[in-house]
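Visitor: no sequence on this one, just coordinates:
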């Protein structure tokens, strides 16, 4: 004997279908939150660490010899590290705002990653930082560094910045469904009021407590 299917609800859908459809966006929202947090934090960490590594090496001619010189990412350009910090702040701020504010912060997060990636890629072949070091070492403003070589750290920095950009794109796409800080304490945008304690007129201690709270115990 076959089971009789449950009758449809007012919308023509079987019971439980609404709950299943509602749980799908919630699950997708949790996954996108986790992915954005992981990508943003990992990307900012990579950018900050890679910016402190040696990006370029060279030599300066001093007194008939050569002086080895190096320049790290912050000496070449401080923009990727600064934008990574901005991206981290925006990643946290995404959960502190709602509505259009969240959209703007998400855009700032994405732009921080994009700017850091572009600036790191453009500075990958820079020689000005080492030329400035060569000028200081030789006391000759026209000095230039020789035997110039570059490392892969600028491109590692750009990859980390792309992760920040991906976090910003996730926030732009799914951020409207993400929870906000302190949301459990709010309902319809307003804080929940404290419920007044019940007063038993037959208990003297309750009457005194009501008086201490500034309430009328006879009401």
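Guide: Received, thanks. Bear in mind that the values here come from a model prediction, so they are computed numbers and not experimental data.
Visitor: Show me where the protein has its strands.
Guide: Per DSSP state E, the chain has strands spanning 54-62, 65-72, 146-150, 186-187, 190-191. These are given in chain order.
Visitor: Comparing the ones you listed, which comes out most buried?
Guide: Per residue and on average, the most neighbours among those fall to strand 54-62, with a mean of 20 (mean count of other C-beta atoms under 10 Å). Bear in mind the C-beta positions are built from the backbone N, C-alpha and C, glycine included.
Visitor: other SSEs contacting that one?
Guide: Using 3 or more C-beta pairs under 8 Å, 6 or more residues apart in numbering; DSSP states H and E as the contact test, the elements touching strand 54-62 are strand 65-72, helix 73-76, helix 128-138, strand 146-150, helix 153-174.
Visitor: Which one, of these, ends up nearest to residue 93?
Guide: Distances from residue 93 to each of these were compared using C-beta to C-beta; the minimum, 10.3 Å, belongs to helix 153-174.
Visitor: in the closest one, what's buried?
Guide: Using 16 or more other C-beta atoms under 10 Å as the burial criterion, the residues of helix 153-174 that qualify are 153-158, 160-172, 174.
Visitor: Okay, now the unreliable bits of the chain?
Guide: 1-29, 181-212, 214-219 (pLDDT under 70).
Visitor: can you do 50?
Guide: For the chain, the stretches flagged by pLDDT under 50 are 1, 14, 16-25, 183-193.
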